[in-house]
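**Student:** Build me a model:
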Amino acid sequence: MQLKHPEILYFLFLLLVPIIVHLFRLRRFKTQVFTNVRLLKTIKAQTQKNSQIKKWLLLSCRLLLLTAIILAFAQPYFPSKDTDSSNNQLFIVLDNSFSMQAKGKKGELFKRAVQELLEQIPESEQFSLLTNTESFWNTDIKSIRSDLQKLNYSALPFSLESQINKINTQKTFEKKDIIIITDAPQLIESNILSDKRNTLYFIIPQSEQKNNTAIDSVFIRETSDTFYELNVKVSQYGNPNNNIPISVYNGTKKLVTSQLTFSKKSEKVTFNIPKESFNGYVSIEDGALPYDNTYFFSIAALKKNKIMSIGETIKNNFLKRIYIEAEFDLSNTPLSDLNYSQIEKQDAIVLNELADIPLALQTTLKTFVQNGGNLVVIPDNVTKVGAYNSFLKNFGQIQLKGNEATDRKITKINFNHPLYSDVFESKVSNFQYPTTKNSFQITGSSSEILGYSDQSSFLSSTKFGAGTLYLFAAAVNNTNSNFQQSPLIVPTFYKMATATATGTVKAYTIGNNETLTVASKINKEAVLKVENQNEQFIPMQQVVNNNVQLYFSDLPQQAGNFLIKNKEDIIDAISFNYSRTESDLATADIKNSKDFEIIPSVESYYESSQSNRSDNQIWKWFVIFALFFLISEMAIIRFMK
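**Tutor:** Numbers count the residues shown, from 1 in each chain. The predicted model follows:
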């Protein structure tokens, strides 16, 4: 037992008062003369005996009464089991991503979670609340009641790491209780959970419907003179649900409809649509989550991409078989005849086996890539590494090292690289491996696209500004390599030249900090705006020569088709979609651990914290004892003779 105010015990010296009163009889007696006192002597003997017992009982009651009162004011208590956490600061992380639209037993998971917070958090409780997009610091439920009721779903996926980092930036002397309400426990990272500064509680609402179908991506597989072959990748989660209708719309006009039948988790559906500008969407009806049932995309009016190859004409002849006249405007230029003013007008440039790169060309190419162009660098067999590395330093840490005259096989394909996205039906593990005789090593920071069997890179890329640099580790001429005869050469060079092409699908993901370069001549005071019928915004932008770079950050707020305008003139069309990371409704099977606890509701948190952290106050018992002794004293005085 412990005392909240132990200094009150000093008043126990007051117990001396009733003792002194008992020991020293303050009442004086007068002598009365009687004629015969024999009878009175007998009565006196009997009364004196009863009086002594009564006095001792009264003294005991008074001492106990006074002691009980003093102890009650000292407020004795038994300390709680978890007394160190009694002052923890409360933080609530509420997931409002699209997967929380799923319906549980009491309705949509997110709306039910909001209602429980409104009902179960005490009005006097101080806490902080974080959602995917909003933060309410050091508030109470009365202050944010209307804001909670207005909260809507967020296009940003739930990130526990991001939310915990926000909370940890709040400097407090107390430890933190963090209640996390989410249906996605598979996103839990162990390094976050092991932070001893925080006590984590997970509330995992369960959806009744685990089945869902989502449109993942849309891309053009092939083109003909009059049609695009449009491929739509669709994934299904949970139990198979076949015969799902899928339709393609251009604006509000339905072009074609088909039926989805699944034999595996992901399927591709092919449509033929007219080869013209497109600003529409693909839609399905699956009866589950609505947010991933529509995929917006745009196709700009087709125009030829301009490609310039710089180097010996005979070495560049293989490019004519890839960049055909119907789709590309290809020009081959020896270095000695290069017109530098033509570089900024190109979409992609290929430096093919140059022995040296003049300083003026280095400066021009750096600006070209920074403004959104793609640069392909193929080194010569006898290239001086130092000359190339001084040029490559303009684009980051990517470098060439050494020159090995060794036959090496190209055996690795990075299927996840954007260059090969939607190129292969499935991952190829056994194909006709191309080889090289002389090659360099690519070092530094870059993304590997093709690799050798010894884990080194044959083709790597690095982003610079709005454009991309592609670097080969070896020459691809027929003397040094058979790469020109490999099936890989066509999709590789084709995609490197069309990464910024028109006539391809333009569909961006909200929240991915997307960048777009559009061809538009505007003065420095003018700005481009992006709008549709529901939303209008002005993205961050930068004017570079005859182009404008647009930086979208977390914009727009809603998915859809948009037009890019200079005042009222339409410059381009663009489409945005929500991230598909929330499409899988299956929750991971996790159990309580030493790092966190799973609880059913906010109410259970308060119940457990109060029982484990609240001291057992027993001062009320001493008040009861004091009343008991007071009543006992009064009873003794009145009824005991």
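**Student:** Can you give me the domain assignment for the protein?
**Tutor:** Here the domain parsing of the chain from automatic domain parsing is 2-78+621-639, 83-209+585-614, 212-299, 305-498, 505-573.
**Student:** From the opening residue of the longest one to its closing one, how far?
**Tutor:** Read it as domain 305-498. From the first residue to the last, domain 305-498 extends over 7 Å; the measure is CA to CA, to the nearest Å.
**Student:** Also the third one?
**Tutor:** Across its full length, domain 212-299 reaches 28 Å end to end, with CA to CA as the criterion.
**Student:** pLDDT of that domain, averaged?
**Tutor:** Domain 212-299 shows a mean pLDDT of 87 in the predicted model.
**Student:** and if you look at the first one?
**Tutor:** Model confidence over domain 2-78+621-639 averages 74 on the pLDDT scale.
**Student:** mind checking how far that domain is from the chain centre?
**Tutor:** Computed by CA atoms, centre = their mean, to the nearest Å, the chain-centroid distance of domain 2-78+621-639 equals 72 Å.
**Student:** what about F440, how many neighbours?
**Tutor:** Around F440 sit 25 other residues, with neighbours defined as other CB atoms under 10 Å. The C-beta positions use only the backbone N, C-alpha and C, and glycine is treated the same way.
**Student:** in a helix, that's where it is, yeah?
**Tutor:** No - under DSSP: H, G, I helix; E, B strand; the rest coil, F440 falls outside any helix and is assigned strand.
**Student:** Which residue lies nearest the spatial centre of this structure?
**Tutor:** Taking CA atoms, centre = their mean, the centroid of the chain lies closest to S159, which sits 2.4 Å from it.
**Student:** how far away is it from Q170?
**Tutor:** S159 is 17 Å from Q170, where distance means CB to CB, to the nearest Å.
**Student:** still on that earlier bit, do you know the pLDDT at the residue nearest to the centre of the chain?
**Tutor:** The predicted local confidence for S159 comes out at a pLDDT of 83.
**Student:** Would you mind giving both backbone torsions of it?
**Tutor:** In this entry, S159 is assigned phi and psi values of phi -130, psi 110 (degrees, to the nearest 10).
**Student:** ok, Y323 touching N332?
**Tutor:** No - with the criterion set as CB atoms under 8 Å, Y323 and N332 do not qualify as a contacting pair; they are 10.3 Å apart.
**Student:** Please enumerate the helices of the stretch 51-200 of the chain.
**Tutor:** Secondary structure of the stretch 51-200 of the chain (DSSP state H, counting those that start in this stretch): helices at 109-120, 145-150, 160-168, 190-193.
**Student:** How about the chain?
**Tutor:** Per DSSP state H, the chain has helices spanning 16-23, 38-74, 109-120, 145-150, 160-168, 190-193, 359-370, 385-392, 489-498, 602-613, 619-639. These are given in chain order.
**Student:** Ends of stretch 465-478, what's the gap?
**Tutor:** Across its full length, stretch 465-478 reaches 33 Å between end residues, using CA to CA.
**Student:** next one: stretch 513-527
**Tutor:** End-to-end distance of stretch 513-527 (CA to CA): 19 Å.
**Student:** So for stretch 521-529, what gets flagged as buried?
**Tutor:** By neighbour count, with 16 or more other CB atoms under 10 Å as the criterion, the buried positions of stretch 521-529 are 522, 528-529.
**Student:** what's the answer for stretch 140-159, then?
**Tutor:** Buried residues in stretch 140-159 (16+ other CB under 10 Å): 141, 144, 148, 151, 153-159.
**Student:** From the chain's centroid, how far away is it?
**Tutor:** The gap between the average C-alpha position of stretch 140-159 and the chain average comes to 16 Å, counting by CA atoms, centre = their mean.
**Student:** which residues are contacting it?
**Tutor:** Stretch 140-159 has contacts (CB atoms under 8 Å, 6 or more residues apart in numbering) with 94-101, 110, 114, 117-118, 121-127, 129, 131-134, 136, 182, 184, 187, 291, 510-511, 554, 557-559, 578-579, 581-582.
**Student:** for stretch 249-262, same thing?
**Tutor:** When contacts are defined by CB under 8 Å, 6+ apart, stretch 249-262 is touched by residues 213, 234, 236, 240-248, 267, 269, 271-274, 278-284.
**Student:** any idea how far A74 lies from F629?
**Tutor:** 17 Å.
**Student:** same deal with Q149?
**Tutor:** Using CB to CB, one obtains 55 Å as the distance from Q149 to F629.
**Student:** what do you get for F98?
**Tutor:** Separation of F98 from F629 (CB to CB) stands at 67 Å.
**Student:** and the two? which has more neighbours close in?
**Tutor:** F98 (24 against 20).
**Student:** That one touches N293, doesn't it?
**Tutor:** No - at 11.0 Å, F98 does not count as touching N293 under the criterion of CB under 8 Å.
**Student:** E108 pairs with what?
**Tutor:** Partner residues in beta bridges with E108, using DSSP bridges, are K103.
**Student:** when you give positions from now on, start the count at 42
**Tutor:** Happy to do that; since the first residue is 42 now, the last one works out to E149.
**Student:** what residues are up against it?
**Tutor:** E149 makes contact with 141-143 under the criterion CB under 8 Å, 6+ apart.
**Student:** again, only this time at 10 Å
**Tutor:** 141-143, 155, 194, 246, 248 (CB atoms under 10 Å, 6 or more residues apart in numbering).
**Student:** Which pair of these spans the longest distance?
**Tutor:** Checked with CB to CB, the contacts of E149 reach their widest spread between V155 and S248, with 16.1 Å between them.
**Student:** quick one on the thing from earlier: neighbour-wise, which of Y364 and N373 wins?
**Tutor:** Each of Y364 and N373 had its neighbours counted (other CB under 10 Å), and the higher figure belongs to Y364 (23 against 20).
**Student:** Need the phi and psi values for the closest residue to E394 other than its chain neighbours.
**Tutor:** Spatial nearest neighbour of E394, chain neighbours left out: D421 (4.1 Å); criterion: CB to CB, 6 or more residues apart in numbering. Main-chain dihedrals, D421, degrees, to the nearest 10: phi -80, psi 160.
**Student:** Return the distance of D421 relative to A515.
**Tutor:** D421 sits 10 Å away from A515 when distances are taken as CB to CB.
**Student:** Centre of the chain to stretch 408-417, how far?
**Tutor:** With CA atoms, centre = their mean, you get 31 Å for stretch 408-417.
**Student:** Right, I'll leave it there.
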